[in-house]
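>>> below are the sequence and a predicted model for it; my questions follow.
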Amino acid sequence: MDSPRFVRMLALAALLAPGRLVAGVADTPLPELLTGATTFHLYSVPGVIASSGIGTYFSCTSLEEVATIQVGVELFFAGGGAPSNDAVATSLSLGPGATRIFGTSAAAGISIDSSLGFLSSKGSARILATSKRLACTAFLADNGNAPPTSMTYLTIISKLKQKAFN
């Protein structure tokens, strides 16, 4: 087999070979929330919804005693892939004991500190921070009424591991 033909066949085989796809929450590279600081993937949240009348909200409290930390929420479309928002741009600084709320949309009865701007009806999220000392909850709520007339909590799992409660 001549050399140029072999090189072309090898290149074609490389193009057709299955590559590693970015699968969303599981293996998309973590952004650097704060220059020079390590970013940790602390929690994953399935069931994110942002549609007419319903939003998803993430309430996070710093458990740090002295340091200020940076916290961000990355949103992913239902099909996975790259994040749908810029977690660095929407991240917030939390001082010791501070609580902030991130939301996929504004809400009449919920004061959000960071709008994530999710443009999909369903998906997932991961909560990132520069410290592991962070407690969060996530919930769906009616965003048109104050107070919300409907609300439900979402399951938050540690990174990628869900534990059964039975």
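Looks like it came in fine.

>>> pLDDT below threshold where in the chain?
Applying pLDDT under 70 to the chain flags the ranges 1-22, 160, 162-166.

>>> redo that, cut-off 50
Along the chain, the parts satisfying pLDDT under 50 run over 6-20, 166.

>>> and the helices in it, which stretches?
3-16 (DSSP state H).

>>> number of residues surrounding the nearest residue to residue 71 once chain neighbours are set aside?
Excluding its sequence neighbours, the residue lying closest to residue 71 (C-beta to C-beta, 6 or more residues apart in numbering) is residue 129, at 4.6 Å. Backbone N, C-alpha and C define where each C-beta goes, glycine included. Applying other C-beta atoms under 10 Å, we find 27 residues neighbouring residue 129.

>>> hey, what's residue 110 bridged with?
On the basis of DSSP bridges, residue 110 is bridged to residue 107.

>>> residue 122 too?
Beta-bridge partners, per DSSP bridges, of residue 122: residue 49.

>>> now do the contacts for it.
47-49, 78 (C-beta atoms under 8 Å, 6 or more residues apart in numbering).

>>> at 10 Å instead, please
Contacts for residue 122 were tallied using C-beta atoms under 10 Å, 6 or more residues apart in numbering; they are 46-51, 56, 77-78.

>>> the closest residue to residue 139 other than its chain neighbours: how many residues sit nearby?
Setting aside the residues directly before and after it, residue 139 is nearest to residue 153 in space (C-beta to C-beta, 6+ apart), at 4.9 Å. Close neighbours of residue 153, defined as other C-beta under 10 Å, add up to 10.

>>> gap between residue 153 and residue 95?
26 Å (C-beta to C-beta, to the nearest Å).

>>> break down this protein into its strands, ranges please.
40-49, 54-62, 69-77, 92-94, 99-103, 114-115, 122-129, 134-142, 151-154, 157-158 (DSSP state E).

>>> ok, which of those strands comes nearest residue 86?
strand 69-77 (8.7 Å; C-beta to C-beta).

>>> export only the CA atoms of that closest one, formatted as CSV.
C-alpha atoms of strand 69-77 as CSV (Å, rounded to 0.1, in the frame of the first residue of the first chain):
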residue,chain,number,x,y,z
ILE,A,69,-16.2,31.7,48.6
GLN,A,70,-17.4,31.9,45.0
VAL,A,71,-20.5,29.9,44.0
GLY,A,72,-21.9,29.2,40.6
VAL,A,73,-24.7,27.1,39.0
GLU,A,74,-24.3,25.5,35.6
LEU,A,75,-27.4,24.6,33.6
PHE,A,76,-27.5,21.8,31.0
PHE,A,77,-30.1,21.1,28.3
